[in-house]
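[1] starting from these lines, generate the structure:
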Amino acid sequence: MVMGGRMAKALRRGLVAGHWNVGFVFCTLAVLLLPWLSGIAQAAPNTLVVSPEGSPFSLVEALGKAQDGDTIELLPGEYVGTPLVIENRRLLIKGVGSRPLIKARGLESAKALWLVRGGDVTVENIEFRGARSVEGEGAGLRLEGGKLHLRKVALYNNEYGLFAQANDKAEVLIEDCEFGLAPRVVGGLHHLLNVGRIAKLQVSGSRFQQGFEGQMIKTRARENLITYNFIHDGMRGGASYEIEIAAGGLATVLGNVIGQGADTQNPVMLAYGTDKQGWDQNRLVVAHNTFIHYGWLPAWFVRVISKNLPADTEVVAVNNLLVGNGLLWPFLGGGKVHAEGNRHVSRHLLRDSDTYAFELEPNSIWRGSAIDPGSVDGLDLTPRGEFEWPSGVLPIKKPSQWVPGAYQR
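    I've put the predicted structure just below:
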């Protein structure tokens with residue numbers, strides 16, 4: 001701390017004289033410390049509380065008052081109003097108590113209920129429902145650059161649940177969320193999750209159900225980590241791909257339940273490399289997933305479109321449980337393939353598929369038939385968890401013997 005010349009001389013005179021003017025000293029310290037204390041007060045994060053009635057703040061007012069690092073808390077209820085734009089902010093926006101509901105008023109000119117443009121935003125415990133736009137691309141949430149973290153968020157009956165616009169530095173992290181109820185519009189191609197060419201997508205502990213014609217997860221991210229999710233369209237589901245990793249890139253699909261209904265629009269369950277323009281690095285890892293196909297015509301559990309990918313693209317398919325009529329056909333010509341420990345069974349060999357008990361029966365001959373996933377082709381593919389209903393990840397310990405599929409129980 002540097003003192004002004006006159007003030008420093010006065011303090012020195014007090015020290016030489018051997019006595020202090022107490023009032024003078026306190027005033028001096030107050031003057032010197034005030035800017036510093038003020039800076040601390042400004043830096044301390046605040047919590048702003050909003051309600052549907054606008055007391056103490058409306059959502060728009062709270063967003064205008066909030067500083068970077070602050071938290072905006074939404075009280076329970078329905079929030080219907082102007083679409084929100086959150087631009088270049090670092091905020092936590094969370095629902096308190098029962099999940100607040102963000103609803104659309106009708107057909108909007110805006111493309112999302114909430115638009116996040118740049119910054120670093122976390123959204124927690126909030127539901128987004130009914131987004132519609134004049135262009136047919138209304139999203140519950142839309143990201144245009146920056147980082148977006150969703151935790152315990154629900155997105156239902158939106159033209160897109162979440163849409164992330166292409167931005168090679170953007171990142172999306174989704175934890176313990178729910179996506180569902182795609183609008184039943186013929187030709188609408190309403191994806192539950194639609195991610196453009198961004199840097200990274202991570203999805204874990206989340207549930208995707210009730211798609212229609214569009215994909216349940218469609219991503220063009222450079223890096224994709226899809227782990228311990230329930231991506232299941234029901235016995236009569238009408239979605240297309242359950243997972244489409246369109247632009248290739250580095251993709252790991254580990255420990256998921258992936259179910260395709262009998263009314264699917266496309267027999268491919270996991271597609272990789274459907275775009276002609278891929279990334280510079282490409283590798284697909286599919287391990288310890290349970291694929292369930294309900295149709296009588298055969299499905300492609302995994303399909304890699306080799307003509308759209310470099311010749312050295314690597315595919316690893318290990319310890320997957322393939323349930324129903326279909327083929328694990330990971331690559332069509334070229335590339336490097338490592339496929340081991342995958343087992344094909346019928347539904348009656350599961351504990352109870354009608355109640356979503358998709359683990360193998362206790363006396364199944366396939367228990368213990370999986371390979372050790374600890375190091376496959378230089379990769380650690382050890383499952384660390386399992387999807388836990390209705391959303392979330394249940395941590396697991398290493399079993400005495402490995403079981404193919406998403407469940408070790």
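[2] shouldn't Gln281 be within a strand?
    No. Counting by DSSP: H, G, I helix; E, B strand; the rest coil, Gln281 falls outside a strand, being coil.
[3] what's near enough to touch it?
    Going by Cβ atoms under 8 Å, 6 or more residues apart in numbering, Gln281 touches Arg222, Gly249, Leu250. C-beta: built from backbone N, CA, C; applies to glycine.
[4] so the last one sits against Ala221, correct?
    So the one you mean is Leu250. No. At 9.1 Å, Leu250 does not count as touching Ala221 under the criterion of Cβ atoms under 8 Å.
[5] out of those two, which sits in the busier spot?
    Using other Cβ atoms under 10 Å as the criterion, Leu250 and Ala221 rank with Ala221 on top: 27 against 18.
[6] please identify which helix or strand holds that one.
    Assigned by DSSP states H and E, Ala221 belongs to no helix or strand.
[7] so who does it touch?
    By Cβ under 8 Å, 6+ apart, the neighbours of Ala221 are Val172, Val195, Arg197, Ile198, Ala199, Lys200, Leu201, Ala247, Gly249.
[8] farthest pair in these?
    The most widely separated members of the contacts of Ala221, counting by Cβ to Cβ, are Val172 and Ala247 (14.9 Å).
[9] next one: the closest residue to Ser364 other than its chain neighbours from Gly211, what distance?
    Once flanking residues are discounted, Ser364 sits nearest to Leu349: 6.1 Å by Cβ to Cβ, 6 or more residues apart in numbering. From Leu349 over to Gly211 the distance is 27 Å, taken as Cβ to Cβ, to the nearest Å.
[10] what segments of the chain are helices?
    Using DSSP state H, the helices of the chain run over 5-17, 22-43, 59-65.
[11] which strand residues bridge the residue nearest the centre of the chain?
    Nearest to the geometric centre of the chain sits Ile174, at 1.9 Å (Cα atoms, centre = their mean). Beta bridges link Ile174 to Leu150, Val203 when assigned by DSSP bridges.
[12] that one reaches Gln202, doesn't it?
    Yes. Look at Ile174 against Gln202 with Cβ under 8 Å: they come within range, at 6.8 Å.
[13] and Leu141, how many neighbours does it have?
    For Leu141, the tally of surrounding residues (other Cβ under 10 Å) stands at 27.
[14] what sits closest to it if chain neighbours are left out?
    Leu162 (4.8 Å).
[15] check contacts around the one you found.
    Residues counted as contacts of Leu162 (Cβ under 8 Å, 6+ apart) are 139-143, 150, 155, 172, 174, 179, 193-195.
[16] out of these, who's the most crowded?
    Phe179 (30 neighbours).
[17] quick one: contacts for that one?
    Counting by Cβ under 8 Å, 6+ apart, Phe179 makes contact with Ala154, Leu155, Tyr156, Gly161, Leu162, Leu192, Leu193, Ser206, Arg207, Phe208, Gln209, Met216.
[18] what's the PyMOL line that selects buried ones from the residues you listed?
    Command for PyMOL that selects the buried part of the contacts of Phe179, burial taken from 16 or more other Cβ atoms under 10 Å:
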select buried, resi 154+155+156+161+162+192+193+206+207+208+209+216
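[19] quick check: Ile198 vs Gly392, distance?
    Per Cβ to Cβ, Ile198 is found 25 Å from Gly392.
[20] ok, these two, which is more surrounded?
    Applying other Cβ under 10 Å to Ile198 and Gly392 shows that Ile198 carries more neighbours, namely 25 against 18.
[21] wait, isn't that one in contact with Ala164?
    Yes. The criterion here is Cβ under 8 Å, and Ile198 meets it with Ala164 at 5.5 Å.
[22] joint contacts of these two?
    Leu143, Ala170, Val172.
[23] got a markdown table for those, with pLDDT and distance to Leu309 too?
    Shown next, in a markdown table, are those (pLDDT from 0 to 100; distance: Cβ to Cβ, whole Å):
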| residue | pLDDT | distance to Leu309 |
| --- | --- | --- |
| Leu143 | 98 | 26 |
| Ala170 | 98 | 23 |
| Val172 | 98 | 23 |
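[24] need the contact list for Arg89.
    Under the criterion of Cβ under 8 Å, 6+ apart, the neighbours of Arg89 are Leu63, Ala66, Asp68, Gly119, Asp120, Val121.
[25] number of residues surrounding Leu173?
    So Leu173, with other Cβ under 10 Å, has 16 neighbours.
[26] I meant to write Gly378 there.
    6.
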